[in-house]
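[1] Quick check, what structure comes out for this input:
(chains A and B)
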2 protein chains.
Amino acid sequence: MHVLVTGAAGMVGRKLTERLAREGQVAGRSISRLTLTDVVPPSLSPALPPELAGRVEARTEDFADPATAAALIAPRPDLIFHLAAIISGEAERDFDKGYRVNLDGTRALLEAIRHEGGRAYVPKLVFTTSSGVFGAPYPTAIPDEFHVTPLTSYGTQKAIGELLLADYARRGFLDGVGIRFPSIVVRPGKPNASAGGFFSGIIREPLQGVEALLPVADDTLFTHASPRSAVGFLIHAAGLTREALGPRINLSMPGVCVTVGEQIEALRRVAGDKAVKLIRRAPDKTVTDIVAGWPARFDTARATALGFRAERDFDEIIRVHIEDDLGGRLPN
Amino acid sequence: MHVLVTGAAGMVGRKLTERLAREGQVAGRSISRLTLTDVVPPSLSPALPPELAGRVEARTEDFADPATAAALIAPRPDLIFHLAAIISGEAERDFDKGYRVNLDGTRALLEAIRHEGGRAYVPKLVFTTSSGVFGAPYPTAIPDEFHVTPLTSYGTQKAIGELLLADYARRGFLDGVGIRFPSIVVRPGKPNASAGGFFSGIIREPLQGVEALLPVADDTLFTHASPRSAVGFLIHAAGLTREALGPRINLSMPGVCVTVGEQIEALRRVAGDKAVKLIRRAPDKTVTDIVAGWPARFDTARATALGFRAERDFDEIIRVHIEDDLGGRLPN
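    Have a look, this model is predicted:
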């Protein structure tokens, strides 16, 4: 089948592309064609299987351009992973850009699918959304039945995407599922400026022998899953039948709910005191306040019943990072 | 102050306009100018107070036209009642029209406000939304914290309007409040084709000596408020401070939760057996199934705490209809 990935150059997009290329199949069907698109050039996996050679197209384009969606949908991809988005901080700083990409871009994709042929063309669409659709105050564990009252423009745009996806699915224009990611750690690569970047930083930097700053208290609770799990959620979602999913198609994903202190103890077990000593406490009220407003714990009974799985503990999240991003062993 | 009413020719719009004109003030400030707009000509109240003479403008225009919103907002109305919408049945039949008016039209209004000047112009916007934002299955009583999973395109469009309103309010572009109406009965005038039209019909027609068909079982439970209460909700919302409202600005309104059998007994108390005998049971599976999918009962603790009031019982709803729409007495 023909698979389309939007936002393919992002961290999760790259890892998803690599897995699709490596496995050569998804949702029980072999991949005959793979289209990748992003606003920066998506990378082609170095491990492209021979069957896919010449059948992978990498496009660089603005997803918010109305012509983009029509061009992407014209070849009628069977399975679409829609990951393209302006991230939270940028959507908050640039109101117009966030709405243009996250709302108008998503709607253009849905409209392109609808106009491509209605019931004669009903692709599977896996949409990445976010626990940012929720807004404080929260119950102890947020169930799927909790209302969405986002406190960011990004969360608003993702919540609108969920609503549109559900209406287009209900009308039979597509077969949709929305996957609400928890915090995804350990992010590989360089530190970034996002307020939650330290959740990855306090693991990633010490593993490389580099100091990391911890701006929040050790008892800060949060829910995490690895990038490998994030890709696993998307792949698993692609294989879910409409009957299994039912009419409520937007789902919070499971994760490991731990305090920062528990993250640090997991690091100690995996990499020793030497690594833990590289974490320097540098309390920051701004970051602490932002993180305090984020949802920390979810009741993901529905996702678990549908077979979605994250890591069992934070030690495993660290080991996945070492395996997938550090070549399987700790740097000296 | 300058008050703008969109959808002013609709049933609630007309009654709101009449009350604004009659009282000459709203939210503690006198009305110096009143702008009415609808796609059909809005009627001017016959009882226009002298102070408003020459200060009321009735416009006939397509709300979904992007130029409309900019023209309406250019004179910087202080208070906006945004009632214009394509109703549920039509939005379900005409997918494009529903999204064009209910989503694009609402968004154009919000954008016009934002572009009119940001913090230098922050009008109060009262948005009418609907219990149609909820979708089955429901808890016994739906709290404000229940998730929105609409099962109609209309409900989807209203839910998106709520999200946009909250984000624009949070960003400081406007001072917003979304009012989720329950079923509004008794609707004056002729029977209409909507699936829930019988809730009004079984009261309105017998009061006029005309037979009415009842397509559902007597134990069908639903929540109602009068058109007078609907107007009261909007007026009360206009006077709420941002501090009283808090960040969760979309609210389910109270109503009278009764079975159809209890509606009929109220009719008997108000208008006697003669009226009740005009109700003919004509079970209709299609209507029964549609109504069974609608939310029936709400926990409106927040709205009640904020001072929103509906009728105390269904007898009062019938008496309000007689007072407001039948000149205060029963036809012979």
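[2] Up against chain B, what does chain A have?
    Contact residues (CB under 8 Å from any CB of the partner chain) of chain A with chain B: A:95, A:135, A:144-151, A:153, A:156, A:159-160, A:163-164, A:166-167, A:170-171, A:247-248. The way it works is simple: take the backbone N, C-alpha and C, and place the C-beta from them, glycine included.
[3] Report the buried members of those.
    Of the members of the residues of chain A next to chain B, the ones counted as buried by neighbours, 16 or more other CB atoms under 10 Å in any protein chain shown, are A:135, A:144, A:146-151, A:153, A:156, A:159-160, A:163-164, A:166-167, A:170.
[4] So which of those residues belong to helices?
    Judged by DSSP state H, these include A:Ser153, A:Thr156, A:Ala159, A:Ile160, A:Leu163, A:Leu164, A:Ala166, A:Asp167, A:Arg170 as members of helices.
[5] surely the fourth one meets B:Leu163?
    I take that to be A:Ile160. Yes: with contact defined as CB atoms under 8 Å, A:Ile160 and B:Leu163 form a contacting pair (5.6 Å).
[6] Could you list the low-pLDDT ranges of chain A?
    A:45-48, A:118-119, A:332 (pLDDT under 70).
[7] is it true that A:Val258 lies in a strand?
    Yes: per DSSP: H, G, I helix; E, B strand; the rest coil, A:Val258 lies within a strand segment.
[8] Dig out what it forms beta bridges with.
    A:Val258 has these beta-bridge partners by DSSP bridges: A:Phe222.
[9] which residues sit in contact with it?
    A:Leu221, A:Phe222, A:His224, A:Ala266, A:Asp313, A:Phe314 (CB atoms under 8 Å, 6 or more residues apart in numbering or on different chains).
[10] Can you lay out the ones in helices among the buried ones among the residues of chain A next to chain B as CSV showing distance to B:Ala238?
    Output for these, formatted as CSV (distance: CB to CB, whole Å):
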residue, distance to B:Ala238
A:Ser153, 26
A:Thr156, 24
A:Ala159, 26
A:Ile160, 26
A:Leu163, 27
A:Leu164, 30
A:Ala166, 32
A:Asp167, 30
A:Arg170, 34
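[11] give me the element the residue of the stretch 201-332 of chain A at minimum distance from chain B is part of.
    Among the residues of the stretch 201-332 of chain A, A:Arg248 lies closest to chain B, at 5.4 Å counting by CB to the nearest CB. Assigned by DSSP states H and E, A:Arg248 falls within no helix or strand.
[12] Could you report the separation of A:Trp294 from A:Glu145?
    The gap separating A:Trp294 from A:Glu145 is 20 Å, by CB to CB, to the nearest Å.
[13] residue contacts, A:Phe199?
    Applying CB under 8 Å, 6+ apart, we find A:Phe199 in contact with A:Ser183, A:Val185, A:Phe222, A:His224, A:Val260, A:Gln263.
[14] give me the number of residues near A:Pro295?
    By the criterion of other CB atoms under 10 Å in any protein chain shown, A:Pro295 has 24 neighbours.
[15] no, scratch that, I was asking about A:Met11
    Close neighbours of A:Met11, defined as other CB under 10 Å, add up to 16.
[16] Please look at it and A:Ser226 and confirm they touch.
    No: using CB under 8 Å, A:Met11 makes no contact with A:Ser226, being 11.4 Å away.
[17] overlap in contacts of these two?
    What both A:Met11 and A:Ser226 touch, as defined by CB under 8 Å, 6+ apart, is the set A:Ile184.
[18] what's the offset of stretch A:272-292 from the middle of its chain?
    Centre-to-centre, stretch A:272-292 and its host chain are 24 Å apart (CA atoms, centre = their mean, to the nearest Å).
[19] Hmm, A:Arg269 is touching A:Phe314, no?
    No: using CB under 8 Å, A:Arg269 is not in contact with A:Phe314, being 9.3 Å away.
[20] Comparing the two, which shows the higher neighbour count?
    Set side by side, A:Arg269 and A:Phe314 show unequal neighbour counts under other CB under 10 Å, the larger going to A:Phe314 at 25 against 12.
[21] And the strands in chain A, which stretches?
    With strands called from DSSP state E, chain A shows them at A:2-6, A:25-26, A:29-30, A:33-38, A:56-60, A:79-82, A:124-130, A:175-181, A:183-184, A:212-214, A:221-225, A:250-252, A:256-259, A:279-281.
[22] what's in contact with stretch A:30-38?
    If you take CB under 8 Å, 6+ apart as the criterion, stretch A:30-38 is touched by A:1-10, A:13, A:17, A:20-21, A:24-25, A:42, A:44, A:51-52, A:55-61, A:63, A:68, A:72, A:75, A:77, A:84.
[23] In PyMOL, how would I select the buried members of those residues?
    Buried residues within these, by 16+ other CB under 10 Å, are selected in PyMOL with:
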select buried, chain A and resi 1+2+3+4+5+6+7+8+9+10+13+17+20+21+42+44+52+56+58+59+63+68+72+77+84
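[24] Report the separation between A:Lys158 and A:Leu34.
    Per CB to CB, A:Lys158 is found 25 Å from A:Leu34.
[25] ditto for A:Pro139
    Going from A:Pro139 to A:Leu34 by CB to CB gives 41 Å.
[26] Looking at the two, which one has more neighbours?
    A:Leu34 (25 against 11).
[27] Against A:Gly135, how distant is the more buried one?
    As for A:Leu34, its distance to A:Gly135 is 37 Å (criterion: CB to CB).
[28] With A:Arg171 instead?
    For A:Arg171 relative to A:Gly135 (CB to CB), the value is 28 Å.
[29] my guess is A:Val231 meets A:Leu16, correct?
    Yes: using CB under 8 Å, A:Val231 makes contact with A:Leu16 at a distance of 4.9 Å.
[30] Nearest residue to A:Ala244 in space, please, no chain neighbours.
    Leaving aside its sequence neighbours, A:Ala244 sits nearest to A:Leu306 (CB to CB, 6 or more residues apart in numbering or on different chains; 6.3 Å).
[31] Tell me how many other residues surround the one you found.
    By other CB under 10 Å, the residues close to A:Leu306 number 16.
[32] Report the contact partners of it.
    Contacts of A:Leu306 by CB under 8 Å, 6+ apart are A:His236, A:Leu240, A:Ala244, A:Leu245, A:Leu251.
[33] do A:Arg100 as well
    By CB under 8 Å, 6+ apart, the contact list for A:Arg100 reads A:Ala64.
[34] I'd guessed A:Leu326 sits against A:Leu207; true?
    Yes: assessed by CB under 8 Å, A:Leu326 is found in contact with A:Leu207 at 6.9 Å.
[35] Kind regards, and thank you for your time.
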